[in-house]
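Q: Predicted coordinates and the sequence they were generated for:
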Number of protein chains: 2
Amino acid sequence: MKPLTEKQQEILKYIESRLEENDSPSQREIAAHFGLAQNSVYQLVSYLKKKGYLDDSSIHRGLKLSKEYLDQTKKSGYLPVIGRVAAGLPILAQENIQEYIDVGQTFGRTSDSFILKVAGDSMIDEGIMDGDFVVVRKDSEIPNGQIGVVLINDEATVKKVYIHKNRIALEPANKAGGYKTIYIKNINEDVQIVGRVTGCFRKL
Amino acid sequence: MKPLTEKQQEILKYIESRLEENDSPSQREIAAHFGLAQNSVYQLVSYLKKKGYLDDSSIHRGLKLSKEYLDQTKKSGYLPVIGRVAAGLPILAQENIQEYIDVGQTFGRTSDSFILKVAGDSMIDEGIMDGDFVVVRKDSEIPNGQIGVVLINDEATVKKVYIHKNRIALEPANKAGGYKTIYIKNINEDVQIVGRVTGCFRKL
DNA sequence: ATAGTATATTGTCAATTGACCATACAGCAC
DNA sequence: GTGCTGTATGGTCAATTGACAATATACTAT
């Protein structure tokens, strides 16, 4: 599946969000939403169809996500819960999966997300407590200062992440706890940026 | 909600099944499917709108299930999100429902649960922050000291709840914030125990 | 330089579509 | 009987809509 440009992604996401509410937008509505001419949308939609993200329905007000795309982004809602990360294995390896939790559509796309059980209280000021579950979107970019998961020596760490060139700062969120920011000079084999935390939940 | 005739039900179910696949049918398509004239469908759809099962969107190819109906059929993990609680209305009244969120099976049984958006930081020590969503199980007993929702003068309050006979204590969880425990002597019309908080989540 | 891709505009058009009218008939309540 | 509801048909129409042409600009790759 060919990659999309920023604009195309923007349009696709908007369409997706509208469709989630069973509300198929017309090209003119999309155009109005982005401040574009209808035919710019027509063009962009054409690209999305050509690249296989939308099905060619040619029905009025009949935009549909393509099977291929739906398949890829699979919306089951069942996410694997990762326990201890076994040395040397990819994080989503069967061996690491403890159970599955059905989170529905609460946290958006689920195809590349998984759940991590939080240990420790280093992020308590962000409302992430010991025993909470965080939803992680794999390989998602982490905007500076947002919460992400980084794998250091097969240990998964949830922290506020700041990336500058090849350096990483992992900042805890617990003023009272005396935790210190971790600085990493080089991203190497032992340090892996896993993804962005897209949600947090706990059962009571 | 007025009852439907057989034919009307048939049409509604067909529309529902099509919408589930993000494929809004036109009246002509429905007509073709049932071997009817377009205007028979127009009539039937009019009835469905009049009886409150469909929303009156008047957009081309814009059939939508009504909020009311979605509420009644309570699908799987779709929970209503309660906004401001309108005075005098039951908490789950249509007027209070802002949207629906699909939480899957994360927080257990869903038939009698709903979601409340938290305002304020009075429960921050329990990891419930301003803007978080809490899942509330209606009419569920609240074991002493557990987090529950109490309605006081049409204001929903999330607090640790202690009940002793006819007295209630609502204890905040924010040492720093200077919140005080609320004591209520009598459970009366203005004070309603809504239910237990069975979960908390936030989108990041 | 040249070609291709991506984005954007204005204008036009035919197909799709919901709405509405007139009409008809069957069942039911009063 | 009379009126109401529900179902059904055919015909018509204006609004909505996707498609497409002609054109322009910016960027990238060759």
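A: Perfect, I can see it now.
Q: show me where chain A has helices.
A: For chain A, applying DSSP state H gives helices covering A:6-20, A:27-34, A:38-50, A:67-73.
Q: per-stretch mean pLDDT over these, give me the minimum one.
A: With a mean of 74, helix A:67-73 has the lowest mean pLDDT of these.
Q: ok, the most centrally placed residue in chain A - contacts?
A: Centroid-nearest residue in chain A, with Cα atoms, centre = their mean: A:R137, separated by 3.2 Å. Each residue near A:R137 by Cβ atoms under 8 Å, 6 or more residues apart in numbering or on different chains is listed here: A:G108, A:R109, A:D112, A:S113, A:G195, A:R196, A:T198. The way it works is simple: take the backbone N, C-alpha and C, and place the C-beta from them, glycine included.
Q: Out of those residues, the closest to B:V103 would be?
A: If you rank the contacts of A:R137 by distance to B:V103 using Cβ to Cβ, A:G108 comes first, at 12.8 Å.
Q: my read: the closest one touches A:R196, true?
A: No: using Cβ atoms under 8 Å, A:G108 is not in contact with A:R196; the gap is 11.1 Å.
Q: higher neighbour count, these two?
A: Ranked by neighbour count (other Cβ atoms under 10 Å in any protein chain shown), A:G108 and A:R196 place A:R196 first, with 21 against 17.
Q: How about the residues of chain A by DNA strand C?
A: Counting by Cβ under 7 Å from any atom of the strand, the residues of chain A close to DNA strand C are A:5-8, A:31, A:35-40, A:43-44, A:47, A:59-62.
Q: can you rerun that using 10 Å?
A: Residues of chain A lying close to DNA strand C (Cβ under 10 Å from any atom of the strand) are A:2-11, A:28, A:31, A:34-48, A:50-51, A:57-62.
Q: ok, and does the lengthiest strand in chain A reach over to chain B?
A: Scanning chain A for the strand with the most residues, using DSSP state E, yields strand A:191-203. Yes: using Cβ under 8 Å from any Cβ of the partner chain, strand A:191-203 reaches chain B at A:R196, A:V197, A:T198, A:G199, A:C200, A:F201, A:R202, A:K203.
Q: list the contacts for the second one?
A: Shown here is A:V197, whose contacts under the criterion Cβ under 8 Å, 6+ apart are A:V134, A:V135, A:V136, A:Q146, A:I147, A:G148, A:V149, A:V158, B:L204.
Q: cool, and the third one?
A: Applying Cβ under 8 Å, 6+ apart, one finds that A:T198 lies in contact with A:F107, A:G108, A:S113, A:V135, A:V136, A:R137, A:S140, B:K203, B:L204.
Q: coming back round to it: from the contacts of A:R137, which two are the most distant?
A: Across the contacts of A:R137, the longest distance by Cβ to Cβ is 12.9 Å; it joins A:G108 and A:G195.
Q: need the residues of strand A:191-203 next to chain B in CSV with distance to DNA strand D, can you?
A: Below are the residues of strand A:191-203 next to chain B laid out as CSV (distance: Cβ to the nearest atom of the strand, whole Å):
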residue, distance to DNA strand D
A:R196, 26
A:V197, 32
A:T198, 30
A:G199, 32
A:C200, 37
A:F201, 37
A:R202, 42
A:K203, 42
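Q: Mind splitting chain A into its structural domains?
A: As assigned by automatic domain parsing, chain A contains the domains A:6-73, A:78-201.
Q: Report the mean per-residue pLDDT for stretch A:108-127.
A: Taken as a whole, stretch A:108-127 carries a mean pLDDT of 83.
Q: buried sites along that stretch?
A: A:108-110, A:113-118, A:120-127 (16 or more other Cβ atoms under 10 Å in any protein chain shown).
Q: out of those, who's near chain B?
A: A:G108, A:I124, A:E126, A:G127.
Q: Strands of chain A, start to end?
A: Counting by DSSP E, chain A has these strands, from start to end: A:54-55, A:64-65, A:78-82, A:97-102, A:113-117, A:133-138, A:147-152, A:155-164, A:167-171, A:182-184, A:191-203.
Q: orientation of the last one relative to strand A:147-152 in degrees?
A: Between the direction of strand A:191-203 and that of strand A:147-152, the angle (axes from the mean of the first three to the mean of the last three Cα atoms, to 10 degrees) works out to 130 degrees.
Q: Tell me the strands beside strand A:191-203, with direction?
A: strand A:133-138 (antiparallel), strand A:147-152 (antiparallel), strand B:191-203 (antiparallel) (DSSP bridges).
Q: So which bits of the last one are buried?
A: Counting neighbours by 16+ other Cβ under 10 Å, one finds that the buried residues in strand B:191-203 are B:V191, B:Q192, B:I193, B:V194, B:G195, B:R196, B:V197, B:T198, B:G199, B:C200, B:F201, B:R202.
Q: Spit out the contact partners of the first one.
A: Read that as B:V191. B:V191 sits next to B:V150, B:L151, B:I152, B:I168, B:I184 when contact means Cβ under 8 Å, 6+ apart.
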